[in-house]
Each structure stands twice: as C-alpha cells, then as structure tokens.
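J.: What follows is a predicted structure for the sequence shown.
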Amino acid sequence: MSLIDRFGEHLERGRESSGVGRESSERGRESSERGRESSGVGREPSSPTPARPPEDNSPVQTHPLPASLLMPVNLPSDAPTAPSPVAATPLVVVDSIAKTFDVSPPWLNRLLEGKPRLLLHAVDDVSFEIARGETLALVGESGCGKSTIARMLVGLYKPSRGQVRFDGVDLSDLSRPGGRQMRSRLQMIFQDPYASLNPRWKVADIIAEPIRVHRTMTGEDAIATRIEALLRQVGLSGADAAKYPHQFSGGQRQRLSIARALASRPDFLVCDEPTSALDVSVQAQVLNLMRDIQRADGLTYLFISHNLAVVNHVADRVGVMYLGRIVELAPKRRLFEMPQHPYTRMLLDAIPVIDGSGKTRTAVSGEVPNPLSPPSGCTFHPRCPLARDRCRSERPLLRSSADGSQVACHAIEEDWS
Ligand SMILES: Nc1ncnc2c1ncn2[C@@H]1O[C@H](COP(=O)(O)OP(=O)(O)OP(=O)(O)O)[C@@H](O)[C@H]1O
Ligand code: SF4
Ligand SMILES: [Mg+2]
C-alpha cells in the first residue's frame, strides 16, 4: 500500500467511529432562529494551559510546513468528494485586507539606541471570497499570515487596511445595533484543544457560555437539553457535561471545542489548524465529524492547515500563502493535479510518494525570509528556481485564468517554460 493511501484509510476508519451526525437533524435551523445573540468567537486559548491527561499519548505534530508534509497524503483521485458549495453567492468577501503589527522596541530604547520603528506586514493585500457551504483552505509555511487572516475574519483583529464583509455586512460595523447577532454567526476553532478550554469549568458551563452570556436561550432546563444535544452531535455523551476538560483525550477535547463553537448556531466556522495537535487516526475522526456537520447544517468553513493531506480531504478550494500574500488560489483538484506557482509545486513535490512510480520526494528548500525585511519584487525569488531579473524588482500580481484559478507569478504570466 502506498503512503498516500494510508491517510485515506484512516479517514474512512475514523468515519465509522466518529459517532458523527447523531443529532444533526436537531440542528435543522429555521432562519427565524438566526437572531440570537451569542458570545461570537470561541474562546482563544486560555491560560494557564492545563496538564495533559495521562491517558492521552497523542504525538503533537510539529508546526512548520516542511515537517508536516511528511504526512501521508490521500491523492485527489481517491479523495472523498468534498461538499460542493450550495450557492454561488459569497457568504464571506475579503477585500484587499492587510495587517501590520508594530513590533518596535519601546520608545525610550528607540530614542537612546537610535533605532527606527519596526513594522511587520503579516498580511498584505489579500482578497478572496467564500461561497455558502464551501470550504476554503489556506496553506503555507509557519509565519505566512494564516492565523492573522483567521483572526481578521472573525473580528478578533481589525484589518490595517481593506475590508471583510460577512453576508454583505462590513465586520468593522459589528459595534452597531445588531452587530452581536451577526457575530454569533461567526465562530472559531483553535488549534490547541488543551489550551482553548477553561480547565476550571465543567463541560456544561464551557458549552453554555455563549448561550448564557448573550442569553440566546433562557431556562436552565432548555440549556441543559441543548448542551446534551450538542455533546451527542459531536459524538460524546450527555453525561460528559458534568466532567472537566482534563478528563478527556485530545480528540475528545477538540470535539468539545466544536460543540462550543456550534452552540450559537453559526453559519461560518474559521478552523485554525483544528487537528494538527492530534494523531492521524484521531484527526480523521474529527475531520469526518466536521464534514458531516457541514453537510447537515450547510456550514461554511475557512480551514487553515499546514498538512496538505488534511487540506486535500476537506477543501473545495485552496489558497497557498507565502509571506503574507496569496500566491495561488484554485479549486482543490486543479491545485493538486496542476500546480502553477513554483512555491505550490515545491510544496507538492515534498510529499513522499511510495507507490512504485519511482517519483522521488524533493524537500522544500530554503528558508522563509524575515518578514521584517522581505525580499524585493517577488518575495519568493531567493528560493525560486525560475527567478529572473524582473522577479527581483517587480512584485507579481494575482491574476485570474479562465478556469477560475488565480496565480501571482511572472513566469506563468509570460510563459517562461
Ligand atoms: N500579535 C502579533 N504581534 C506581532 N507580530 C505578530 C502578531 N501575530 C502574528 N505576528 C507575526 O505575523 C506573522 C504571521 O503570523 P501568523 O500567526 O499569522 O502566521 P501563521 O501562518 O499562522 O503561522 P503558523 O503556521 O506558525 O501558525 C508572523 O511573522 C508573526 O510573528
Ligand atoms: S515571480 Fe519569479 S520569483 Fe516569483 S515565483 Fe514567479 S518565477 Fe519565481
Ligand atoms: Mg497560525
């Protein structure tokens, strides 16, 4: 069996044991229910991080993309079909957003040492749309700006420039009347299921938090019933409501995070590496759970991952990021079968294939440049095998092609092959 098939097997096995969708019909929502308030975005990883339960031996995956590319990948031809967008109208429109962080030393130090102000351009001029029911995945090496985009999409960060519109409403307007209702429709699932749940709270209180704080539902009995239904929906039992987070394994904790994110009945989930802290078989269960919930409830996902196997499993379209920008955006199958950008090709070439085809893996070469002093022109040029003079002086623009994909590369634009 090839390495690339193995992850697919895990996914199929995980499907059988995911306990998914038992309560999905419960969540068939009427639009009239939509007007509830909620806490909006899920809790960011809280501190202190509780100790891991002794029974959980899940290896924690390393973070940077090159290491994660060693994960076996289920190629598109065998991939389970991802849910197709249910409507062409975009639910999320990201319009030329940028995020700059001021990472300057303190004012006094700057004055005494004569140091300049330092601005880090974490995200620079990023635009995309996500259709209702669609899963857009973002991939890229560590530090390329994926989480910063995620946080801007749920209103945790305000863009330094540009605009995010959710269902036609500018997210910067969420402070206006009705803004909290809108916020309840956006939720985020964080990477670390250990840090993102308050260790001192019982599960019932964790899941009920968005409901209670914003009074989306009243009556303790009704809330308890809802919590039980959410726990069953994510494959846990109603009795788990009385437990504390440390009594669960990593995969179960991420199910709790999903239950909490679903408590406010969102339309849009931003998932920032939701399975990267889990081992492969547990990843498969959680991914299948998320996919089944998406199908049942018509959710829209922005899914961030550095693991191309996971992306291949969950995404409809994939955006490849490099140093704060999207360099290629294409339907999943098209991206995996015919990658255009040299960086995308480099990432895909790094995936091990042991199917007897004789194809050898080429490791991702070079280092990600320092974002405080990015290279001129195309920021990928120091690592690009095709780089020419134009690349060093002129930044390529993201251009659309007839098949709906977009790529930012002079070599593609001018056909240097
Ligand atoms: N609050 C912040 N203050 C200063 N710099 C930040 C802040 N948040 C992120 N950055 C910087 O912005 C850049 C993008 O960070 P981000 O967390 O978005 O990357 P990422 O693609 O999610 O990386 P990873 O895969 O490691 O999670 C990095 O250089 C990071 O150091
Ligand atoms: S613009 Fe030039 S350096 Fe950048 S990816 Fe294309 S060929 Fe490589
Ligand atoms: Mg991140």
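T.: Structure received. Ligands and ions are numbered 1, 2, ... in the order given.
J.: How about the secondary structure of the residue of the chain most remote from its centre?
T.: No residue in the chain sits farther from the centre than Leu112, which is 41.9 Å out by CA atoms, centre = their mean. Secondary structure state of Leu112, per DSSP: H, G, I helix; E, B strand; the rest coil, is helix.
J.: how far away is it from ligand 1?
T.: 23 Å (CB to the nearest ligand atom, to the nearest Å). Yep, even glycine has a C-beta here, placed from its N, CA and C like the rest.
J.: That residue and ligand 2, how far apart?
T.: Look at Leu112 and ligand 2: by CB to the nearest ligand atom, they are 40 Å apart.
J.: Quick check, pLDDT for that residue.
T.: Confidence at Leu112, expressed as pLDDT, is 87.
J.: And for Thr100?
T.: 97.
J.: I figured it hits Arg117, correct?
T.: No. Contact criterion CB atoms under 8 Å: Thr100 and Arg117 do not qualify, at 11.0 Å.
J.: Between these two, which is the more surrounded one?
T.: Thr100 (15 against 10; other CB atoms under 10 Å).
J.: for the more buried one, helix, strand, or coil?
T.: Secondary structure for Thr100, judged by three-state DSSP, is strand.
J.: Quickly list what it is bridged to.
T.: His121 (DSSP bridges).
J.: Could I get the contacting residues of it?
T.: Leu119, Leu120, His121, Ala122, Ser160 (CB atoms under 8 Å, 6 or more residues apart in numbering).
J.: Show me what secondary structure element comes after the host helix or strand of Ala261.
T.: Following DSSP states H and E, one finds Ala261 within helix 250-262. Per DSSP H and E, the first helix or strand lying C-terminal to helix 250-262 is strand 268-272.
J.: and the angle for the helix or strand that comes right after that next one with helix 250-262?
T.: Next helix or strand after strand 268-272 toward the C-terminus (DSSP H and E): helix 280-297. Calculated by axes from the mean of the first three to the mean of the last three CA atoms, to 10 degrees, helix 280-297 forms an angle of 20 degrees with helix 250-262.
J.: picking up where we left off before, mutual contacts of Thr100 and Arg117, please.
T.: With CB under 8 Å, 6+ apart, Thr100 and Arg117 have no common neighbours.
J.: and the one residue in the stretch 101-250 of the chain that gets nearest to ligand 2, what is it in contact with?
T.: As assessed by CB to the nearest ligand atom, ligand 2 sits closest to Gly140 within the stretch 101-250 of the chain, at 13.8 Å. For Gly140, the contact set (CB under 8 Å, 6+ apart) comprises Leu65, Lys146, His306, Val320, Met321, Tyr322.
J.: Pairing partners for the fifth one in the sheet, please.
T.: For Met321, the beta-bridge assignment (DSSP bridges) gives partners Ile326.
J.: was I right about it contacting Cys144?
T.: Yes. The pair Met321 and Cys144 passes the contact test of CB under 8 Å, sitting 4.3 Å apart.
J.: Quick check on the residue nearest to the spatial centre of the chain: phi, psi?
T.: For the chain, the residue nearest the mean C-alpha position is Ile304 (2.3 Å; CA atoms, centre = their mean). Per-residue torsions, Ile304: phi -100, psi 130 (degrees, to the nearest 10).
J.: correct me, but it touches Thr275?
T.: No. Counting by CB under 8 Å, Ile304 stays clear of Thr275, with 10.7 Å between them.
J.: Would you mind naming what in the stretch 301-417 of the chain lies close to ligand 2?
T.: 341-342, 378, 380-381, 384, 386-387, 391, 396, 409-411 (CB under 6 Å from any ligand atom).
J.: ok, the residue in the stretch 251-400 of the chain positioned nearest to ligand 1 to Glu141 distance?
T.: Closest approach between the stretch 251-400 of the chain and ligand 1, counting by CB to the nearest ligand atom: Pro371, at 4.5 Å. Using CB to CB, to the nearest Å, Pro371 is found at 11 Å from Glu141.
J.: Mind jotting down where the strands sit in the stretch 301-417 of the chain?
T.: Ranges of strands in the stretch 301-417 of the chain, per DSSP state E, counting those that start in this stretch, are 317-322, 325-331, 399-400, 406-407.
J.: need the ones you listed in TSV with mean neighbour count, mean pLDDT and distance to ligand 1, can you?
T.: TSV is the format used below for these (neighbours: other CB atoms under 10 Å; pLDDT from 0 to 100; distance: least, CB to the nearest ligand atom, whole Å):
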stretch	mean neighbour count	mean pLDDT	distance to ligand 1
strand 317-322	25	97	7
strand 325-331	24	97	12
strand 399-400	11	94	24
strand 406-407	22	97	19
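J.: Now render those strands as JSON lines, adding distance to Arg212.
T.: Below are the strands of the stretch 301-417 of the chain laid out as JSON lines (distance: least, CB to CB, whole Å):
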{"stretch": "strand 317-322", "distance to Arg212": "36"}
{"stretch": "strand 325-331", "distance to Arg212": "38"}
{"stretch": "strand 399-400", "distance to Arg212": "46"}
{"stretch": "strand 406-407", "distance to Arg212": "43"}
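J.: Is Arg226 located within a helix, as I assumed?
T.: Yes. Applying three-state DSSP, one finds Arg226 inside a helix.
J.: Please state the backbone phi and psi of the closest residue in space to it that isn't next to it in sequence?
T.: Excluding the flanking residues, the one nearest Arg226 by CB to CB, 6 or more residues apart in numbering is Met217, at 6.2 Å. In terms of degrees, to the nearest 10, the main-chain angles of Met217 are phi -150, psi 140.
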